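J.: Structure, please.
(4 chains)
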Number of protein chains: 2
Amino acid sequence: MNSDFSIAVHCVAYLAEKQNQRVTSEDISQSVSVHPVRLRKILSILRKENIIASKEGAKGGFSLNAQPEQITLDKIFRITSEETLVPKCPDSNDNCIIGKHLSDVLIRIFHNAEEHFLNYLKGVTVQDIINEIHNNSSKSSFHA
Amino acid sequence: MNSDFSIAVHCVAYLAEKQNQRVTSEDISQSVSVHPVRLRKILSILRKENIIASKEGAKGGFSLNAQPEQITLDKIFRITSEETLVPKCPDSNDNCIIGKHLSDVLIRIFHNAEEHFLNYLKGVTVQDIINEIHNNSSKSSFHA
DNA sequence: ATAAACTGTAATCATTATTATTACACTTAG
DNA sequence: CTAAGTGTAATAATAATGATTACAGTTTAT
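T.: Sure thing, here's the model as predicted:
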C-alpha cells in the first residue's frame, strides 16, 4: 500500500484547519512534506468526489468543500486505496487443488476483512482528527 | 504489504491437506509458485510459533503441528505481517500543528482499524479454508 | 564414513512499486 | 501581458519485494 490515504487525510485535515481560506499545493506541501505535484494528483481525486474544491490561476488553490463532521475516513480510504488490503497472491497452480482455489478463497476473506477495517474508519471523521490534534479528546469518537 | 501472509496461509493449508506427511519446501513451492528459499524463511517463523514442525536432513521437511480448526488467520497475520496496515506517514513537520501531530493520530487510528481487521480474521480458521476449497461451504464460517 | 537429501540463513541480484522531479499546457487576477 | 496558480504526462530516483546463489549444518541410508 502506498501512502496516498494518509496524505489525503493530512490534506483534508489541513484544509479543515484553514476553513474557507484558499491554500496552494505548495503551502500544503510545507505541512505534509510531500511534493506539490503529488499532492495535486491526490487533491485532484478528492475534488472529483467533491470533498474539496480547487481554483486555478493566480490566487487559486484548494479549499474544503464539505463539513469536517461529515467526512468519514472510510470515504477517503475508498477514494484513495480501495482493495489495497487484498494481497496479490502468487499465480495459482492449476495442477494442485490448493494452489488452484486458495487465491480465490483468500481474496474473498481479505475482501471481508477490509470491509471490517472500513467499517471502523466509518466511525472516524475529519472533525474527530481535528479534535484529537487540539487534544479535545472528550469530543473524539475513535476508540477501539 | 508483501505477500508473506498469503503465502504462509497457503503453506499451512497445504500442510493441513497432507496431514502427518513430511513435505519439502521444494514440494510446497510447486503448489505456491514461490521460491523454496523464500518459503523456508516464512516456514521458519511459523515453526518458531509452533504452528508447524520441521526436520532437517534426508527425509526431512515440514509438517503441521497444530489442529487446522485451532489455527486462526489472525495468528498467522500477526506472525507475518503485524502493523503492516499502518501506513508510513511522511516525516512530520514540527513547524505545523497539523504536520506535527497528525502522524501520531493517524497511527493510532490505523492501529485500531487493524485490530478490527484482525478481529475478523480471528473468526476464520485453516479448517474453514480447507472446507471452502473442497466446497463444503456448509461447514464454512467466514462471512462478512 | 560418506554421499545424498534435506533445512537454515546470509548475501546478492532483478524486478516492481513508490515517490520526486521536470516540463509544460491551461486558467485567472491584477 | 505577466505572475501565480492548477492539471497532468513523462521521466528519473529510490525503496521494497522477490528470486537466486552459495554454503554451512543435519540426517538417512548404504
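
J.: wouldn't residue A:1 be in contact with residue A:84 here?
T.: Yes: contact criterion C-beta atoms under 8 Å: residue A:1 and residue A:84 qualify, at 4.5 Å. Heads up, the C-betas are built off the backbone N, CA and C, glycines and all.

J.: Next to DNA strand D, which bits of chain A? Give me the list.
T.: Proximity of chain A to DNA strand D, by C-beta under 7 Å from any atom of the strand, involves residues A:24-26, A:36-37, A:40-41, A:43-44, A:47, A:54-62, A:88, A:90.

J.: Now, those that are in helices?
T.: A:25, A:26, A:36, A:37, A:40, A:41, A:43, A:44, A:47 (DSSP state H).

J.: which one among the residues you listed gets closest to residue B:74?
T.: residue A:41 (34.9 Å; C-beta to C-beta).

J.: Send me stretch A:65-84 as PDB with only the CA atoms.
T.: In PDB, the C-alpha atoms belonging to stretch A:65-84 read as follows (Å, rounded to 0.1, in the frame of the first residue of the first chain):
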ATOM      1  CA  ASN A  65     -16.000  21.600   0.300                       C
ATOM      2  CA  ALA A  66     -17.700  19.600   3.000                       C
ATOM      3  CA  GLN A  67     -18.300  19.700   6.700                       C
ATOM      4  CA  PRO A  68     -15.500  18.100   8.700                       C
ATOM      5  CA  GLU A  69     -18.000  16.200  10.800                       C
ATOM      6  CA  GLN A  70     -19.500  14.700   7.700                       C
ATOM      7  CA  ILE A  71     -16.200  13.500   6.100                       C
ATOM      8  CA  THR A  72     -15.600  10.000   7.400                       C
ATOM      9  CA  LEU A  73     -12.300   8.300   6.800                       C
ATOM     10  CA  ASP A  74     -13.700   5.300   5.100                       C
ATOM     11  CA  LYS A  75     -14.800   7.600   2.300                       C
ATOM     12  CA  ILE A  76     -11.300   8.900   1.900                       C
ATOM     13  CA  PHE A  77      -9.900   5.300   2.100                       C
ATOM     14  CA  ARG A  78     -12.300   4.100  -0.600                       C
ATOM     15  CA  ILE A  79     -11.300   7.000  -2.800                       C
ATOM     16  CA  THR A  80      -7.600   6.600  -2.500                       C
ATOM     17  CA  SER A  81      -6.900   3.000  -1.600                       C
ATOM     18  CA  GLU A  82      -9.800   0.600  -2.000                       C
ATOM     19  CA  GLU A  83      -8.800  -3.000  -2.300                       C
ATOM     20  CA  THR A  84      -5.200  -2.400  -1.500                       C
END
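
J.: can you give me the helices for chain A?
T.: Using DSSP H, helices in chain A cover A:4-17, A:25-32, A:36-48, A:73-81, A:97-121, A:126-133.

J.: tell me which helix or strand of chain A sits lowest on mean pLDDT?
T.: Using mean pLDDT, DSSP states H and E, the weakest-scoring helix or strand in chain A turns out to be helix A:97-121, at a mean of 88.

J.: does any bit of that helix sit next to chain B?
T.: Yes: with C-beta under 8 Å from any C-beta of the partner chain as the criterion, chain B is reached by helix A:97-121 at A:97-99, A:101-103, A:105-106, A:108-109, A:112-117, A:119-121.

J.: Please pick the buried ones from the residues of chain A next to DNA strand D.
T.: The neighbour-count test (16 or more other C-beta atoms under 10 Å in any protein chain shown) marks A:25, A:36, A:40, A:43, A:54, A:61, A:62, A:90 as buried among these.
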